[in-house]
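*Asks:* Below is the sequence, then the predicted model.
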Amino acid sequence: MAFSGFAAALIKITLASFTLASLLLALAHSHTAQHWRIPRSMTGLSSANEQRLTDSSATAPSWFLDHTTCASLQETYHKFYTSTGRNTGEIMRNEDTPASSDAPAQIWQATPPALQELLLQPEALVQRLMSDELPNQHILFIGDSTTFQQIRSLRCLLEAAAFKQESMGISPDRWRRGEQSLLLSFIFATSFEEVFRHLADREPSQSLRVVIGLGAWYNSDRQTAWAGELEQFVGSVKSIEHRLGASIYLREPLPQHFEYSDQPISDGAFRTPLEIAANFSAKPTRCAPVRDSKDWRSRVFDDKTADLPGKVLLRDMAVPMYYGHGSGHIHTGLADCTHYAAPAMHVFNAALAQQVGRRHGWQSWRRLFSIFKSTLHPFLELQP
């Protein structure tokens, strides 16, 4: 009997060790496949852009320093200009164009090293946004005009990663490299109420990731609405993800950098017209550093999303980037301290990719652990 018990225990341990080793090998293979470097001949990138980041003096890619080299951006401006019969394309061009020629280099120097490394390897950045398991995938951006800027930046990153544009529209558009295909689409929304409505109409899809970016349209007279609607949305994320079979990522509200008069509002957030006239320059000509590290939107965001796994944190890196905004409003010539220029948006997309890759990694571990448990269960039930 003693020998029989020992033998049963030995069988359990052997099977457990074998199964664990097999699962770890599968995980390692999956991780390698996801982040494997594509040969230079396939990327269209110069060798200078392929170097791994070794120190903070690494040179920024040319497409980062000069957004006019991004063909899809120029095409977007043109299509909006011709399709709307207005100057929407020129407005977008001003949003994406840095306010000064020095800004792209300043933004690069302010970028965390881990995100610099991703930007030096755009193919790796894009792979973090995509899942290995599915060849045809879809990223849906829902939000305001700063969120549409993010999708325009992502098109540039796809170009740098040697994806080819199969179809070009205002939205959606499809990109392909080899057997991988990525559909990008955008829905304009300024409130969580609109986001709820758009997501309620969607069909389930395992290939879908949703990125939501709101905040700028919640001015100071809507602080209660921001807190209440954000809390309601966060409380519904898990059920929405379960119904859609999709992953949802909520972007932290981007800081604004409006300049002030003699009696400043210290957080830099855009105010209602009455507050603008009373508290800071009614005609801002430049963007200025933010006196407080967090405005009221961010403080509420921190509180309401404390346990949300799919949040994309950007404020700490964006707060110092008061020089990273666009070139201003084309009609008035006033400073635009809400929209960020294309190089800053590239950094924000790198942060998004980092978060998606990290979350996907944890999900892979959980799936493997579940398989491990279910595989071992019959053997663990053996009685000596």
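*Replies:* Thanks, I have the structure now.

*Asks:* Point out where the stretch 51-200 of the chain drops to low pLDDT.
*Replies:* When residues are selected by pLDDT under 70, those of the stretch 51-200 of the chain lie in 51-57, 82-86, 132-133, 168-171.

*Asks:* got a list of what A114 touches?
*Replies:* Listed by CB atoms under 8 Å, 6 or more residues apart in numbering, the contact set of A114 reads Q354. All C-beta atoms are positioned from the backbone trio N, CA, C, and that covers glycine.

*Asks:* which SS class is it?
*Replies:* Under DSSP: H, G, I helix; E, B strand; the rest coil, the three-state class of A114 is helix.

*Asks:* Identify the residues contacting stretch 309-316?
*Replies:* Applying CB under 8 Å, 6+ apart, the external contacts of stretch 309-316 come out as 211, 237, 247-255, 293-294, 298, 305, 348, 351-352, 355, 359.

*Asks:* let's see it at 7 Å
*Replies:* Residues from elsewhere that reach stretch 309-316 (CB atoms under 7 Å, 6 or more residues apart in numbering): 247-252, 254-255, 294, 298, 305, 348, 351-352, 355, 359.

*Asks:* pLDDT of it, averaged?
*Replies:* The average pLDDT for stretch 309-316 rounds to 92.

*Asks:* Check which residues of it are buried.
*Replies:* Judged by neighbour count using 16 or more other CB atoms under 10 Å, the buried positions of stretch 309-316 are P309, G310, K311, V312, L314, R315.

*Asks:* first vs last residue of that stretch, how far apart are they?
*Replies:* This stretch, stretch 309-316, spans 18 Å end to end (CA to CA, to the nearest Å).

*Asks:* before we move on, what about stretch 243-252?
*Replies:* Stretch 243-252 has its terminal residues 24 Å apart, counting by CA to CA.

*Asks:* Check which residues of that stretch are buried.
*Replies:* Within stretch 243-252, the residues that count as buried by 16+ other CB under 10 Å are L244, A246, S247, I248, Y249, L250, R251, E252.

*Asks:* For the fourth one, name its beta-bridge partners.
*Replies:* Read that as I248. Beta-bridge partners recorded for I248 (DSSP bridges): V210.

*Asks:* my guess is it contacts S239, does it?
*Replies:* No: counting by CB atoms under 7 Å, S239 is not a contact partner of I248; they are 10.7 Å apart.

*Asks:* For the stretch 151-300 of the chain, which segments are assigned as strands?
*Replies:* In the stretch 151-300 of the chain, strands defined by DSSP state E, counting those that start in this stretch lie at 164-167, 173-177, 180-188, 208-213, 247-251, listed in chain order.

*Asks:* Let's have these in CSV, adding distance to Q137.
*Replies:* Supplementary listing: the strands of the stretch 151-300 of the chain in CSV, determined by distance: least, CB to CB, whole Å:
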stretch, distance to Q137
strand 164-167, 14
strand 173-177, 10
strand 180-188, 5
strand 208-213, 7
strand 247-251, 11
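
*Asks:* How about L208, nearest residue that isn't a chain neighbour?
*Replies:* Closest residue to L208 apart from its sequence neighbours, by CB to CB, 6 or more residues apart in numbering: A246 at 3.9 Å.

*Asks:* Return the residues in contact with the one you found.
*Replies:* Under the criterion of CB under 7 Å, 6+ apart, the neighbours of A246 are S205, L208, R209, V210.

*Asks:* was I right about the second one contacting H138?
*Replies:* Yes: if you go by CB under 7 Å, L208 and H138 touch, sitting 5.0 Å apart.

*Asks:* between the two, who's got more neighbours?
*Replies:* The neighbour count for L208 versus H138, taken as other CB atoms under 10 Å, is higher for L208 (21 against 18).

*Asks:* beta partners of G326?
*Replies:* With DSSP bridges as the criterion, the beta-bridge partners of G326 are P98.

*Asks:* Now do the same contact list for it.
*Replies:* Contacts of G326 were listed using CB under 7 Å, 6+ apart, and they are N94, E95, D96, T97, A99, D336, H339, Y340, A341.
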